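K.L.:
I'd like to go over a predicted model; first the sequence, then the structure.
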Amino acid sequence: MQTFHVLFLTLGYFLVVNAQSFHLGRCPIPPVQQNFDIAKYMGRWYEIQKLPAVFEFGTCNQATYTLLPEGVVKVVNAELLSNGMENSIEGTATVKNSSQPAILEVSFFEGASSAPYWVLSTDYESYTLIYACTNYLGFFYVDFAWIMSRSRTLQEETITELHNLLTSNGIDIKRMTVTDQTGCTAMTQEGVSVTAE
């Protein structure tokens, strides 16, 4: 009985937090980018669309990746808050298995468990599609997806193709939202660092 009580409290938490993409069942397992080249992936990416993410509060969302020694990736996520202040967080990403370099794990807090970061598709020069999913208690899962671009806009044809890729792999995109990439001149992190010296 206590197990069901905990389960319903947990379910209630995720339902109340309406900024998540919550589903019954287990995570889909979509194929990832073949022959992924992590060095070509480094640099600045701008968020174009996403599934809801409770940890994102602002607009002008962007991520900057820098390749560090031993294959570790420095991750800096930044956004512009409604008060005009820039909010950013720094973490690291590592490849989970060298035979699948498009499957990474990202960590932003020391001692906290890492989160999945799967690169489903990218051409390295204009777009990338990222997916993350975590199972809970074997009964439900929470997933995230991001469509990102090297610029603050992306062609509609490309967005449609990426939507189709998600849905064809059982990923629900009904709650996908468009990220506001206007009025971003207040962002200070405009330089792109690709490789650490």
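P.N.:
Alright, I've got the coordinates.

K.L.:
so residue 118 sits in a helix?
P.N.:
No - read with DSSP: H, G, I helix; E, B strand; the rest coil, residue 118 is strand and lies in no helix.

K.L.:
okay, and the beta partners of it?
P.N.:
When assigned by DSSP bridges, residue 118 has beta-bridge partners residue 103, residue 131.

K.L.:
ok, it touching residue 129?
P.N.:
No - counting by CB atoms under 8 Å, residue 118 does not reach residue 129; the two are 9.1 Å apart. Just so you know, the C-beta spots here come from the backbone N, C-alpha and C atoms, and that holds for glycine as well.

K.L.:
for these two, indicate the residue with more neighbours.
P.N.:
residue 129 (24 against 21; other CB atoms under 10 Å).

K.L.:
my guess is that one is in a helix, correct?
P.N.:
No - applying three-state DSSP, one finds residue 129 to be strand, outside a helix.

K.L.:
pLDDT weak spots in this protein?
P.N.:
Along the chain, segments meeting pLDDT under 70 span 1-22, 111, 188-197.

K.L.:
now with 50, please.
P.N.:
1-19, 190-197 (pLDDT under 50).

K.L.:
quick one, strands of it?
P.N.:
21-24, 43-50, 59-67, 73-80, 86-95, 103-107, 115-122, 127-136, 140-149, 177-178 (DSSP state E).

K.L.:
and the second one, what does it pack against?
P.N.:
If I follow you right, that is strand 43-50. strand 59-67, strand 140-149, strand 177-178 (3 or more CB pairs under 8 Å, 6 or more residues apart in numbering; DSSP states H and E).
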